[in-house]
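Asks: Give me a model of this one.
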Amino acid sequence: MVKGFSRRTLRDDRDDIEQAFVPYWDRHGVISFVAAHRTHEIGIRMALGATRASAVWLIARDALVMIGTGIAIALPCLWALSRFIDAQLFGVRAVDGPTIAGASALLGLVAIASAMLPAWRAASVSPTKALRYE
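Replies: I've put the predicted structure just below:
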């Protein structure tokens, strides 16, 4: 074995894959919580004639606000810590535009995908069940 290099195992790869899904499960849990607490409101809206698409949009809009807020907070922090981050990276600058845009887009897509299941589930609840919920 070469000095300075460690040997990766299958367990290390599995841990990396699990950590890649942490943002998905985190957002999914938060959006599920929000959707569960808005079930009564969604039921009233559906009983008054709202479409399923408008109910999905109601939950998805909350997710988009969370995503936008997270990116708006993260980008100035990245810029402020760019010297420290530059020291940790090899071959990539900390304020590399395409890398930042790609990472932001990827995490945004993961967050939107994680919000769609709770939004669809909340929109498919029948109005009578939602009104009896509380």
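
Asks: from here on, contacts and neighbour counts on C-alpha atoms
Replies: Will do.

Asks: Which of the helices or strands spans the residue most central in space within the chain?
Replies: The residue lying closest to the centre of the chain (C-alpha atoms, centre = their mean) is Ala111, at 2.4 Å. Taking DSSP states H and E as the criterion, the element that holds Ala111 is helix 97-123.

Asks: other SSEs contacting that helix?
Replies: In terms of contacts (3 or more C-alpha pairs under 8 Å, 6 or more residues apart in numbering; DSSP states H and E), helix 97-123 is packed against helix 22-37, helix 39-47, helix 52-80.

Asks: what's the last one packed up against?
Replies: Based on contacts counted as 3+ C-alpha pairs under 8 Å, 6+ apart, the elements that helix 52-80 packs against are helix 22-37, helix 39-47, helix 97-123.

Asks: What is the burial count for Ala101?
Replies: As a burial measure, Ala101 scores 11 neighbours (other C-alpha atoms under 10 Å).

Asks: how far away is Thr99 from Leu106?
Replies: 10 Å (C-alpha to C-alpha, to the nearest Å).

Asks: So the residue nearest to the centre of the chain is in contact with Asp62, correct?
Replies: No. Applying C-alpha atoms under 8 Å, one finds Ala111 not in contact with Asp62, separated by 11.2 Å.

Asks: which secondary element of the protein has the worst mean pLDDT?
Replies: Using mean pLDDT, DSSP states H and E, helix 10-20 stands out as the lowest-scoring helix or strand of the chain, at a mean of 67.

Asks: Look at Val95 and give its secondary structure.
Replies: Per DSSP: H, G, I helix; E, B strand; the rest coil, the local secondary structure of Val95 is coil.

Asks: In this protein, where is pLDDT below threshold?
Replies: Filtered on pLDDT under 70, the chain yields the residue ranges 1-13, 16, 19-21, 23-24, 92, 94, 133-134.

Asks: next one: stretch 108-115 to chain centre, how far?
Replies: 5 Å (C-alpha atoms, centre = their mean, to the nearest Å).
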